[in-house]
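Peer 1: heads up, no residue letters with this:
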């Protein structure tokens, strides 16, 4: 069985609600109309009975009734009786059984000869004569016929009302769900063509559907960014691995082609070993970043003497800096302690110092400083190297990005991406200030150990 669409279900519910509302309204109107008609008849009957007081009098013991007293008016019959019930004046309907007992001051409903009648009696006192009964009678059928006509009209109008309610409900629902169809169409087009640049674009709005569309657009933007970065990541990783793999293949082929030359074989093996080491380091960095992206990279939380760690890394990197003709200076405040992962923090300092060595000037300097600043530890790695162009400052944190691959010194472009992730994983930040031709300064900040 095919399920109804949401539009169809909402239209049906809307129509049923409107029909129920109309039925309640008609019922109320019918009831109110009946009550109003009944009260109107009662008022008319009371008015005729009251008017008779001024038309009846007695002279010398004889009753005189003014001929202006109407015995029939607007469907109401009036008749006058003495105290014993003997008719004296007026009219009664032919089909009305006038044997009903007199009861003053109330409207009664009686059945007579297959008809229903409204009956109202009122007793009056006539001076020099005594008590009289004034009876007014009218057919209840006249009220019922009016109500029946009203009901028939309502029943004739009701189907038209239902049809109009259904059409209006459908049009309103279609209009209300138009953004949903746009969302569905955009999602289907993205799924079919994998064009993640498409957006729903409903514009400004405060209702739930506009909020939903905005969330979908934000999700599409994140997906597009993720797919773009993944594609770029794959392309760059393939590019970076291509060179060492090609070297390993060529060196192994050369060694196999010269099996009798120990020196050539040793040189080839050393080259293979070096390139394999580069590949291992690159793959280790890729694995760490991949785990970080998925939230699977564990970050230890232990007390770390950042001063001691920074000094140790600086001492280790000093030899490499000297080989490039760069003087490595330090200004480390002792006893700066933080809570974090010692291995990752060591990698952060190594990457920052090696980046400074790679892009430093021969004969220049590289300086690592560490200090307390309020409740934070602040480390700065500054150099007087080639600097970074302003348009490149936003790109240096991207994976595999290199401002000048020819001057990268063999780096894969992952170091600063790892630095930023490590800083953020420790609740810290890393920023850079640079002037082309004058040098750069990287500032790493993280909370001190409480």
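Peer 2: Alright, I've got the coordinates. For clarity, every value in this text was computed on a predicted model and none was experimentally measured. Residues are numbered from 1 along each chain as shown.
Peer 1: And the average pLDDT for the helix or strand that contains residue 330 is what?
Peer 2: Residue 330 is part of strand 327-332 when elements are defined by DSSP states H and E. Strand 327-332 carries an average pLDDT of 95.
Peer 1: Over to stretch 337-350?
Peer 2: Stretch 337-350 shows a mean pLDDT of 91.
Peer 1: which residues touch it?
Peer 2: 299-307, 309-310, 312-314, 316-317, 368, 377, 379, 381, 418-419, 422-423, 425-426, 444, 446-450 (CB atoms under 8 Å, 6 or more residues apart in numbering). Bear in mind the C-beta positions are built from the backbone N, C-alpha and C, glycine included.
Peer 1: Give me the buried entries from those residues.
Peer 2: Among the contacts of stretch 337-350, the ones that count as buried by 16 or more other CB atoms under 10 Å are 304-307, 309-310, 313-314, 317, 368, 377, 379, 381, 418-419, 422-423, 425-426, 444, 446, 448.
Peer 1: Mind listing the strands the helix or strand that the strand holding residue 330 is followed by pairs with, and their directions?
Peer 2: Downstream of strand 327-332, the next assigned helix or strand under DSSP H and E is strand 337-340. Here strand 337-340 is paired, per DSSP bridges, with strand 302-305 (antiparallel).
Peer 1: average pLDDT across the strand it pairs with?
Peer 2: pLDDT averaged over strand 302-305 gives 94.
Peer 1: Show me what secondary structure element comes after it.
Peer 2: Counting by DSSP H and E, the next helix or strand C-terminal to strand 302-305 is helix 306-323.
Peer 1: Report all helices and strands that that following helix contacts.
Peer 2: Here helix 306-323 touches strand 327-332, strand 337-340, helix 342-358, strand 365-373, strand 376-383, going by 3 or more CB pairs under 8 Å, 6 or more residues apart in numbering; DSSP states H and E.
Peer 1: Could you list the buried residues of the helix or strand hosting residue 117?
Peer 2: Following DSSP H and E, one finds residue 117 within strand 115-126. Residues 117, 118, 119, 120, 121, 122, 126 are the ones in strand 115-126 that count as buried (16+ other CB under 10 Å).
Peer 1: ok now that strand, how far from the chain's centre?
Peer 2: Remark: strand 115-126 is offset 69 Å from the chain centroid, using CA atoms, centre = their mean, to the nearest Å.
Peer 1: Over to stretch 34-46?
Peer 2: For stretch 34-46, the distance to the chain centre is 57 Å (CA atoms, centre = their mean).
Peer 1: quick check: longest helix of this protein.
Peer 2: In the chain, taking DSSP state H as the definition, the longest helix is helix 208-257.
Peer 1: going on from that helix, what's the next piece of helix or strand?
Peer 2: Sequence-wise, the next helix or strand beyond helix 208-257 is helix 262-293, with elements assigned using DSSP H and E.
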